[in-house]
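A.B. asks: return atomic coordinates for the entry below.
(2 chains)
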Amino acid sequence: MKTKLKDMIKTAAEAAYRAGALESDDFAPVAIEEPKAGAHGDLATNFAMLNAATQKMAPRKIAEVVVSYLADPDGIIEKTEIAGPGFINFFLNPSAWHPILHEIHEQDGRYGACDMGDGQNIQVEFVSANPTGPLHVGHGRGAVVGDSVATILSFCGYSVFREYYINDSGKQIQTLGRSVYLRCLQSAGRDVTFPEDGYQGDYIWDIAKTLMDQAKEWLLGAGEDEAVAYCAKYASEKILGGIREDLALLGVGFDHWFSEQSLYDSGKVDAAIKQFQTKGLIYDSEAALWFRTQAFGDEKDRVVVRQNGQTTYFASDIAYHRDKFERGFDQIIDVWGADHHGYIPRISAAIKASGKNDDQFHVILTQLVNLLRGGIPATMSTRAGKFVTLREVIDEVGCDAVRFIFLTRHYESQLDFDLEVAKQKTNDNPVYYVQYVHARISSIFKKARTEKGIKEVSGDEASVGRLSEPEEIALIKHMARYPEVIRSAAQWMAPHRVAFYLMDLAAAFHAYYNKHWVLTSDPKLTDGRLYLILAVQKIIRNGLSLLGVSAPDTM
RNA sequence: GCGCCCGUAGCCCAGUGGAUAGGGCGUCAGCCUCCGGAGCUGAAGAUCGCAGGUUCGAAUCCUGCCGGGCGUACCA
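C.D. replies: Here you go, the predicted model:
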């Protein structure tokens, strides 16, 4: 509808210029918006104001000229008004909105999709939590945001690849192995001290017990290095398996789980360091190797190989991000917790040093999550010892509610996640409000079939033409907005826009439902209304699927 | 100190330079003879942190300040 009107305005302005009524044909792009106040019409444009300078005319005068040259072959405009500083307000015929319904039904699950991405290969790397402990609720936020962004981008024509980077190498895995090993020794009654930097959680005890059941003799007899290495491998695989399960429960899956260790095994870390060394981007100082990140905008240079000869996490990350581009991705998106934001300049520097443009690299920083129970911080858990795990939250609250709560805030605002609120089935927790629309419509159709004997909905002109109630037109107008909401959600990588849209649509539906009867004694009117609410249901289902939330037929 | 994010009604949050700043919770007053009340209608409630600036127009852009969070490793 907006594009249609846009074209009409552009055509009118050009016609006015040819007729000599306007001074310049250098027009600003036409922007159409929906006025907040109904008295300002269905749609409006600030076209006249934007062009006041180039036309050297008063905005209201320009508006008059444009309106007088406006052609409306389809008769969609009921009337126009010039208002305020020079807005042109359009009041449309209600019937002008009817074709939207056919569009929705024809495109069905693809309604709102677009080809914005033009098939570009885009990689979304998210979660990537170290396999040294269970996921917590903050990881859950990154998982849900990353997953939903990926789904939306895919819906908008990008070829999306989801990836999880496993930090299965280096110091923290060593520490994990040592922690497990020491717990094994302790459980065998050996008097060993457990270091402060070891992993304290109860899950380490659980793993140690399992290991002792399986290989007690070997563990206690083997050399320490060998035993620690074995424990590290066993524990990290075990924990990673748990992480996969937790994410699956959240409806999050990946195309590839990328091993950090594989970068070392294939020599890609060494290769990256060597190549940057020959380019003079890595230098030797104080017995360590430094990357010249400062030359690319970082506040200081960063170490890639430490004095002790070990590479840093940054070294493998350089290799990893190079590898991403070598695999042919046009765009890469990293979803990180906000506590890693200081890492952006150095990764960005590494990418620029590799000859890539850093506008091909985008970081989504999800702000931290405060877990509460009834308003009180719920940092302590009865089971896991240290913190409440993501798994416990999903088990208690449910996947749909967890996802929706994460997606009803912009990822850049901090989030208080209250377990008590998340379990409530009130409008404090709007996932149910939206799902309820879907279930309610299913229920109406069930009733239509069983009690009215209605087999199918025709949606022909005679029935759709009966849709003239203000609430009906409001619903269709709302649904007409859906495609641009999706586009903006993709453009800004902001799934919360979809969530808020769905809540608004749900409100419009509930209001309609409360005021008007769908299953009337008039078959044509009933058919039109069923056609209308079926469209609403499709969009609710469509939108929820972009958020990874289910659309139940009964609740 | 420096860097990043956030300050919008009692509380939680939307808001793409546009007209009278929107929802939800909570509060108050109402709505079921019949499609699911996990619903609807109405009311009260805001100096958009503060002060400047940019322009026809600023919650939105710029500068400074004040709050809060996070970061500032040869940790990950």
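A.B. asks: ramachandran angles for the residue lying closest to residue A:237 once chain neighbours are set aside?
C.D. replies: Once flanking residues are discounted, residue A:237 sits nearest to residue A:131: 7.6 Å by Cβ to Cβ, 6 or more residues apart in numbering. In this view, the C-beta of every residue, glycine as well, is placed from N, C-alpha and C. Backbone dihedrals for residue A:131, given as degrees, to the nearest 10, come out at phi -80, psi 50.
A.B. asks: got a list of what residue A:131 touches?
C.D. replies: Applying Cβ atoms under 8 Å, 6 or more residues apart in numbering to residue A:131 gives the contacts A:166-168, A:173, A:176, A:236-237, A:239-240, A:243.
A.B. asks: again with residue A:366
C.D. replies: So residue A:366 contacts A:138, A:141-142, A:145, A:335-338, A:411-412 (Cβ under 8 Å, 6+ apart).
A.B. asks: so which residues on the stretch 51-200 of chain A come close to RNA strand B?
C.D. replies: A:52-53, A:83-85, A:87, A:89, A:130, A:167, A:170-172 (Cβ under 7 Å from any atom of the strand).
A.B. asks: repeat that with 6 Å
C.D. replies: Neighbours of RNA strand B within the stretch 51-200 of chain A, by Cβ under 6 Å from any atom of the strand: A:83-85, A:87, A:89, A:130, A:167, A:170-172.
A.B. asks: where does the stretch 201-350 of chain A come near RNA strand B, residue by residue?
C.D. replies: So the stretch 201-350 of chain A meets RNA strand B at A:286-288, A:303, A:306-307, A:312-313, A:338-343 (Cβ under 6 Å from any atom of the strand).
A.B. asks: how about a cut-off of 10 Å?
C.D. replies: Within reach of RNA strand B by Cβ under 10 Å from any atom of the strand, the stretch 201-350 of chain A has these residues: A:260, A:285-290, A:299-317, A:336-346.
A.B. asks: drop anything exposed from those.
C.D. replies: Burial by neighbour count, 16 or more other Cβ atoms under 10 Å: within those this picks out A:260, A:289-290, A:301-305, A:311-312, A:314-317, A:336-337, A:343-346.
A.B. asks: tell me how far the residue nearest to residue A:237 lies from residue A:410.
C.D. replies: 30 Å (Cβ to Cβ, to the nearest Å).
A.B. asks: hey, C-alpha coordinates of the lowest-mean-pLDDT helix or strand in chain A in CSV?
C.D. replies: Lowest by mean pLDDT, DSSP states H and E among the helices and strands of chain A is helix A:52-55, with a mean of 80. Only the C-alpha atoms of helix A:52-55 are listed here, as CSV (Å, rounded to 0.1, in the frame of the first residue of the first chain):
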residue,chain,number,x,y,z
ALA,A,52,10.8,23.0,0.5
ALA,A,53,14.4,24.0,0.1
THR,A,54,15.0,22.8,-3.4
GLN,A,55,11.7,24.0,-4.7
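A.B. asks: top of the residues of the stretch 51-200 of chain A next to RNA strand B by neighbour count?
C.D. replies: residue A:87 (22 neighbours; other Cβ atoms under 10 Å).
A.B. asks: give the closest residue to it in space, chain neighbours not counted.
C.D. replies: Once flanking residues are discounted, residue A:87 sits nearest to residue A:44: 5.1 Å by Cβ to Cβ, 6+ apart.
A.B. asks: parallel or antiparallel, list what pairs with the helix or strand hosting that neighbour.
C.D. replies: Element membership for residue A:44, per DSSP states H and E: strand A:43-45. Applying DSSP bridges, strand A:43-45 is found paired with strand A:32-33 (antiparallel), strand A:87-92 (antiparallel).
A.B. asks: which of those strands is buried the deepest?
C.D. replies: Comparing those by mean neighbour count (mean count of other Cβ atoms under 10 Å), strand A:87-92 ranks first with a mean of 22.
A.B. asks: what's the helix or strand following that strand in contact with?
C.D. replies: Scanning forward in sequence from strand A:87-92 by DSSP H and E, the next helix or strand is helix A:98-107. Contact with helix A:98-107 is made by A:1, A:111, A:113, A:459, A:464-465, A:467, A:476, A:479-480, A:531-532, A:534-535, A:538-539, as judged by Cβ under 8 Å, 6+ apart.
A.B. asks: who wins for neighbours among the residues you listed?
C.D. replies: Using other Cβ under 10 Å as the neighbour criterion, residue A:532 leads the contacts of helix A:98-107 with 28 neighbours.
A.B. asks: in the helix or strand in which that one is found, what counts as buried?
C.D. replies: Using DSSP H and E, residue A:532 sits in helix A:523-547. If you call a residue buried by 16+ other Cβ under 10 Å, then helix A:523-547 has these buried ones: A:525-544, A:546-547.
A.B. asks: give the contact list for the residue nearest in space to the middle of chain A.
C.D. replies: Among the residues of chain A, residue A:149 comes closest to the average C-alpha position under Cα atoms, centre = their mean, at 2.9 Å. By Cβ under 8 Å, 6+ apart, the contact list for residue A:149 reads A:124, A:333, A:335, A:364, A:493, A:495.
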